[in-house]
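**Student:** sequence-free structure coming up:
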């Protein structure tokens with residue numbers, strides 16, 4: 001017999017799966033393709049996170065936990081999973097360039113706005129090439145510029161100088177980079193929700209505000225408010241985190257290594273007339 005807890009979990013999973021299945025079908029991923037990935041992940045999580053302390057995790061125990069046969073568990077271990085490291089690398093390097101442009105005083109105006117930069121210049125003048133070299137690793141300045149121009153994050157003025165149009169790097173359309181964001185951001189959100197379901201003493205911040213009987217005409221102002229207010233908050237958090245991150249500030253002392261931050265998203269959907 002299903003318990004109230006199981007019924008609530010099943011209902012939550014159905015709500016979660018609807019937009020995911022919509023995305024999969026739009027991109028030509030069949031049920032069989034999704035099922036194979038789900039089997040692999042069940043086995044991988046069971047193997048890595050549900051072992052008995054002090055004992056080696058066995059295929060038999062993974063089989064018991066997941067409901068998969070031992071033969072399937074053994075087969076799944078040999079499967080190579082998808083790798084989006086190239087897209088992830090491009091996304092993170094481009095994002096670091098934008099962050100440096102917004103935060104580093106060498107590349108901002110006296111008022112703190114991102115400066116208009118020449119593509120190249122001598123060392124006495126800040127340039128886009130120097131910015132890329134400082135913040136993107138071994139990616140070429142031309143490669144970063146072409147990508148940022150393609151997605152509309154930057155533009156060139158009549159003199160050929162480069163100015164920042166958007167305060168974030170967002171890949172276009174169905175690019176691999178955008179799918180990387182989808183995977184990483186949704187995973188982090190679900191991880192926070194899972195943490196809060198288990199942890200009552202130190203829950204992570206998780207809030208939303210929403211109304212379900214809004215006229216269409218109210219949404220443009222809501223989008224504008226969201227972009228303006230959220231961008232200010234994100235930049236404030238970014239300023240703090242950059243001071244604490246050892247990659248940015250090697251002098252930072254402390255123990256362990258944590259990945260932490262905040263994510264903000266806007267949503268809207270049609271509701272049924274009642």
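**Tutor:** Yep, that arrived. For clarity, every value in this text was computed on a predicted model and none was experimentally measured. Numbers count the residues shown, from 1 in each chain.
**Student:** which ones are touching residue 175?
**Tutor:** residue 87 (C-beta atoms under 8 Å, 6 or more residues apart in numbering). For glycine as for every other residue, the C-beta is placed from the backbone atoms N, C-alpha and C.
**Student:** and stretch 112-129, which residues are buried?
**Tutor:** Neighbour-count burial for stretch 112-129, with 16 or more other C-beta atoms under 10 Å as criterion, is recorded at 114, 115, 117, 126, 127, 128, 129.
**Student:** which residues touch the last one?
**Tutor:** The neighbourhood of residue 129, defined by C-beta under 8 Å, 6+ apart, consists of 119, 120, 121, 141.
**Student:** burial measure for the last one, as a count.
**Tutor:** So that's residue 141. Using other C-beta atoms under 10 Å, residue 141 has 19 other residues around it.
**Student:** any idea how far it lies from residue 46?
**Tutor:** 46 Å (C-beta to C-beta, to the nearest Å).
**Student:** Just the mean pLDDT for the host helix or strand of residue 10, thanks.
**Tutor:** Using DSSP states H and E, residue 10 sits in helix 4-26. For helix 4-26, the mean per-residue pLDDT is 92.
**Student:** contact partners of stretch 208-225?
**Tutor:** 266, 267, 268, 271.
**Student:** Any buried residues in it, and which?
**Tutor:** Buried residues in stretch 208-225, defined by neighbour count with 16+ other C-beta under 10 Å: none.
**Student:** Endpoints of stretch 142-158, how far apart?
**Tutor:** End-to-end distance of stretch 142-158: 18 Å, with C-alpha to C-alpha, to the nearest Å as the criterion.
**Student:** Now tabulate the contacts of stretch 208-225 in JSON lines and tack on pLDDT and distance to residue 15.
**Tutor:** Converted to JSON lines, those look like this (pLDDT from 0 to 100; distance: C-beta to C-beta, whole Å):
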{"residue": "266", "pLDDT": "94", "distance to residue 15": "18"}
{"residue": "267", "pLDDT": "94", "distance to residue 15": "13"}
{"residue": "268", "pLDDT": "93", "distance to residue 15": "16"}
{"residue": "271", "pLDDT": "86", "distance to residue 15": "14"}
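**Student:** With neighbour count, distance to residue 34 and secondary structure added, can I get those residues in JSON lines?
**Tutor:** Converted to JSON lines, the contacts of stretch 208-225 look like this (neighbours: other C-beta atoms under 10 Å; distance: C-beta to C-beta, whole Å; DSSP: H, G, I helix; E, B strand; the rest coil):
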{"residue": "266", "neighbour count": "11", "distance to residue 34": "27", "secondary structure": "coil"}
{"residue": "267", "neighbour count": "7", "distance to residue 34": "24", "secondary structure": "coil"}
{"residue": "268", "neighbour count": "11", "distance to residue 34": "27", "secondary structure": "coil"}
{"residue": "271", "neighbour count": "10", "distance to residue 34": "28", "secondary structure": "coil"}
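**Student:** Same list, those, but as JSON lines with distance to residue 69 please.
**Tutor:** Formatted as JSON lines, the contacts of stretch 208-225 follow (distance: C-beta to C-beta, whole Å):
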{"residue": "266", "distance to residue 69": "44"}
{"residue": "267", "distance to residue 69": "40"}
{"residue": "268", "distance to residue 69": "44"}
{"residue": "271", "distance to residue 69": "44"}
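**Student:** now, the most widely separated pair of those?
**Tutor:** Farthest pair in those (C-beta to C-beta) is 266 and 271. Separation: 16.4 Å.
**Student:** So the closest residue to residue 116 other than its chain neighbours, which state does it fall into?
**Tutor:** Leaving aside its sequence neighbours, residue 116 sits nearest to residue 163 (C-beta to C-beta, 6 or more residues apart in numbering; 4.5 Å). Under the three-state scheme (DSSP: H, G, I helix; E, B strand; the rest coil), residue 163 adopts strand.
**Student:** Can you point out the buried residues in stretch 189-206?
**Tutor:** residue 192.
**Student:** End to end on it, go ahead and measure it.
**Tutor:** So stretch 189-206: terminal residues 9 Å apart, C-alpha to C-alpha.
**Student:** One more: stretch 153-165?
**Tutor:** The first and last residues of stretch 153-165 sit 5 Å apart, counting by C-alpha to C-alpha.
**Student:** All good on my end, thank you.
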